[in-house]
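*Asks:* I need the structure of the sequence given here:
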Amino acid sequence: MALRATSEGWFLGVRRGVFALGLAAGAVGCQASASGSFNVDSSADAKAQADADASLDAQAGSEEPKVTPVEVARIGRFRKVDGKLNYSGNIEFEYNKANLRSDEGTQSTLKELVDYLKKYPDVKLEIEGHTDSRGSDRYNKDLSERRAASLRKWLISSGIDEQRLTSVGYGESKPQVPEPDACLNKTPDDTSQCEEPWQRNRRVVFAITAGAETIPEEPVATPAPAPAPEPEPEPEPTPAPEPKPSCPTNLVGFHINALGPNSFFGAEAAWQPLCWLEVSGGLYYGFAKFTEDAAGAEAKATAHKFNIPVRGRVWFMDTHSLIAELGVLGAHYRINGHEENAPGEFDYERTSTHLGGFLGLGYGYRSEAPWRIAAVIGGLVQTGDMDGSSTTSNLPAATSQALSAAFDSDGNDLLDPKLYGEISFGLLW
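*Replies:* Residues are numbered from 1 along each chain as shown. Down below sits the predicted model:
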């Protein structure tokens with residue numbers, strides 16, 4: 001009887017030991033499963049992950065866990081916050097352009113955005129472009145629209161359905177933070193107080209327009225005992241601000257002109273070194289015809305005018321503008337004439353080269369696109385006297401002299417001060 005009691009006591013002790021080991025193994029397995037469900041990739045989420053793990057460790061011995069594991073709605077730097085897709089990292093564009101940069105930071109951020117949109121295919125976004133205050137309102141709005149559209153195009157090329165994406169540019173109209181008065185719409189000599197608000201206002205925002213309900217909420221855990229405070233990380237250096245002129249500078253291109261000083265048409269190479277100044281120079285052509293009679297002999301002459309103008313044109317406003325121009329002109333004249341009724345009986349030739357100056361006022365229009373137009377009215381003054389002429393003639397001497405004198409007078413008139421009108425079309429980029 002004692003032996004039986006002893007055997008039963010030993011057997012009951014073994015069963016209780018195995019049961020206790022089973023409970024311990026189950027508790028450890030439960031803890032490992034709950035911790036593994038938080039799939040956080042970004043360094044910004046590392047502290048939140050550690051807090052959740054610490055909370056689960058504290059609860060592993062209790063009968064019911066206080067954290068319900070659900071899928072964290074994050075991929076890398078991206079997460080849903082108040083109807084927007086917030087992110088950390090940089091999305092940078094080329095200076096004064098809409099092209100996305102190819103640096104590692106920009107490309108890795110964009111790759112994670114594509115992964116997020118593929119993970120949640122019902123989510124639709126509006127891509128908002130924003131700028132700081134420097135530059136004109138029109139320039140900033142146009143630049144932000146082109147950059148938002150460029151990002152939308154890149155996402156479509158990366159496999160995102162275009163029906164899920166729209167883009168809009170707000171320019172400087174919706175700043176994230178107010179800019180100091182010294183920084184608003186200008187660049188002061190000391191930009192130390194401007195760089196941070198400029199950087200925060202120059203951004204891309206992703207507003208969720210549909211499908212937000214398909215993104216699961218992040219888990220909420222019972223607060224664990226506060227751990228010892230960690231040292232604050234060193235702040236990342238603020239990127240240098242992107243300088244932006246009030247309007248484009250250092251553009252090159254050409255003009256095609258109708259009429260002009262001493263001309264009918266011409267073409268010029270053009271350079272815009274400053275927002276308000278445009279310098280150009282090229283080649284122009286014009287002509288004039290004369291008919292003279294003497295003693296029943298009729299002769300006709302044509303004056304060919306080859307001009308090389310160099311001018312500076314001032315724009316007083318960015319888009320629709322009063323313009324003024326000042327220039328110098330080198331003009332070469334070649335006059336040829338002959339007797340109409342008896343060819344070869346009278347031939348007239350004269351060549352001459354002169355300098356001149358011209359001044360004009362008018363209206364111009366230039367857009368953010370490279371083209372511009374201008375209409376100018378001005379005056380031309382030339383220096384010196386025409387060189388002498390030569391005549392070959394079988395006509396009577398008096399008739400020949402009368403015709404030559406008449407053509408000489410016509411040629412001299414070419415050097416008189418004259419008004420001119422000009423229409424110009426240009427492309428500069």
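*Asks:* burial measure for Pro198, as a count.
*Replies:* Slight slip there: residue 198 is Trp, not Pro. Neighbour count for Trp198, taken as other C-beta atoms under 10 Å: 23. Placement of C-beta: from N, CA and C, glycine included.
*Asks:* my bad, should have said Arg313
*Replies:* 24.
*Asks:* And it, how close does it get to Gly330?
*Replies:* Here Arg313 is placed at a distance of 18 Å from Gly330 (C-beta to C-beta, to the nearest Å).
*Asks:* cool, Ala324 as well?
*Replies:* For Ala324 relative to Gly330 (C-beta to C-beta), the value is 22 Å.
*Asks:* cool, Lys305 as well?
*Replies:* From Lys305 to Gly330 the distance is 11 Å (C-beta to C-beta).
*Asks:* ok, these two, which is more surrounded?
*Replies:* Taking neighbours as other C-beta under 10 Å, Lys305 and Gly330 compare with Lys305 leading, 18 against 13.
*Asks:* quick one, what contacts the closest residue in space to the more buried one that isn't next to it in sequence?
*Replies:* The shortest distance from Lys305 to any non-neighbouring residue, by C-beta to C-beta, 6 or more residues apart in numbering, is to Gly286 (4.1 Å). By C-beta atoms under 8 Å, 6 or more residues apart in numbering, Gly286 lies in contact with 262-264, 305, 307.
*Asks:* between those residues, which is closest to Glu172?
*Replies:* Lowest distance from Glu172 to the contacts of Gly286 (C-beta to C-beta) belongs to Ser263, with 43.7 Å.
*Asks:* Now do the same contact list for the residue lying closest to the closest one once chain neighbours are set aside.
*Replies:* For Ser263, ignoring the flanking residues on the chain, the nearest one in space by C-beta to C-beta, 6+ apart is Tyr284 at 3.6 Å. Listed by C-beta under 8 Å, 6+ apart, the contact set of Tyr284 reads 257, 260-266, 306-309.
*Asks:* next one: Leu329
*Replies:* If you count contacts by C-beta under 8 Å, 6+ apart, then Leu329 has 261-262, 307-310, 355-358, 380, 382 around it.
*Asks:* out of those residues, what pair is the most spread apart?
*Replies:* So, the contacts of Leu329 by C-beta to C-beta: farthest apart are Val310 and Gln382, at 15.0 Å.
*Asks:* Who has more neighbours out of the two?
*Replies:* Gln382 (18 against 13).
*Asks:* how close does that one sit to Leu361?
*Replies:* 20 Å.
*Asks:* and if you look at Tyr120?
*Replies:* 60 Å.
*Asks:* same thing with Glu422?
*Replies:* Counting by C-beta to C-beta, the gap from Glu422 to Leu361 is 11 Å.
*Asks:* list the residues that contact both of these two?
*Replies:* 376-378.
*Asks:* Narrow the residues you listed to those that are buried.
*Replies:* Among those, the ones that count as buried by 16 or more other C-beta atoms under 10 Å are 376, 378.
*Asks:* Next step: the shared contacts of Glu422 and Leu361 restricted to strands.
*Replies:* The members of the shared contacts of Glu422 and Leu361 that map onto strands under DSSP state E are 376-378.
*Asks:* Go through those residues and name the one nearest Glu230.
*Replies:* Val376 (68.9 Å).
*Asks:* For Thr391, see how far away that closest one is.
*Replies:* 39 Å.
*Asks:* repeat for Asp318
*Replies:* Where Thr391 is concerned, Asp318 sits at a distance of 57 Å (C-beta to C-beta).
*Asks:* more crowded one of Glu422 and Leu361?
*Replies:* Each of Glu422 and Leu361 has its neighbours counted (other C-beta under 10 Å); Glu422 has more, 23 against 11.
*Asks:* Report the beta-bridge partners for that one.
*Replies:* Counting by DSSP bridges, Glu422 forms beta bridges with Leu259, Val376.
*Asks:* Next up, the contacts around it.
*Replies:* 257-261, 360, 362, 374-378.
*Asks:* ok, now with 6 Å
*Replies:* Taking C-beta atoms under 6 Å, 6 or more residues apart in numbering, we find Glu422 in contact with 257, 259-260, 376.
*Asks:* One more: Thr351?
*Replies:* Under the contact definition (C-beta under 6 Å, 6+ apart), the residues listed for Thr351 are Arg334.
*Asks:* centre of the chain versus the host helix or strand of it, how much separation?
*Replies:* Element membership of Thr351 [criterion: DSSP states H and E] is strand 346-366. Centroid separation between strand 346-366 and its chain, computed with C-alpha atoms, centre = their mean, to the nearest Å, is 39 Å.
*Asks:* Adjacent strands (with direction) for that strand?
*Replies:* strand 320-339 (antiparallel), strand 371-382 (antiparallel), strand 389-393 (antiparallel).
*Asks:* What are the buried residues along the longest one?
*Replies:* Of the residues in strand 320-339, those with enough neighbours to count as buried (16+ other C-beta under 10 Å) are 321, 323-325, 327, 329, 331, 333, 335, 337-339.
*Asks:* Quick one: distance of it to the chain centre.
*Replies:* That offset, for strand 320-339, works out to 37 Å (C-alpha atoms, centre = their mean).
*Asks:* quick revisit: save the strands paired with strand 346-366 as a markdown table, and put in mean pLDDT and distance to Asp82 too.
*Replies:* Formatted as a markdown table, those follow (pLDDT from 0 to 100; distance: least, C-beta to C-beta, whole Å):
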| stretch | mean pLDDT | distance to Asp82 |
| --- | --- | --- |
| strand 320-339 | 93 | 42 |
| strand 371-382 | 94 | 43 |
| strand 389-393 | 89 | 87 |
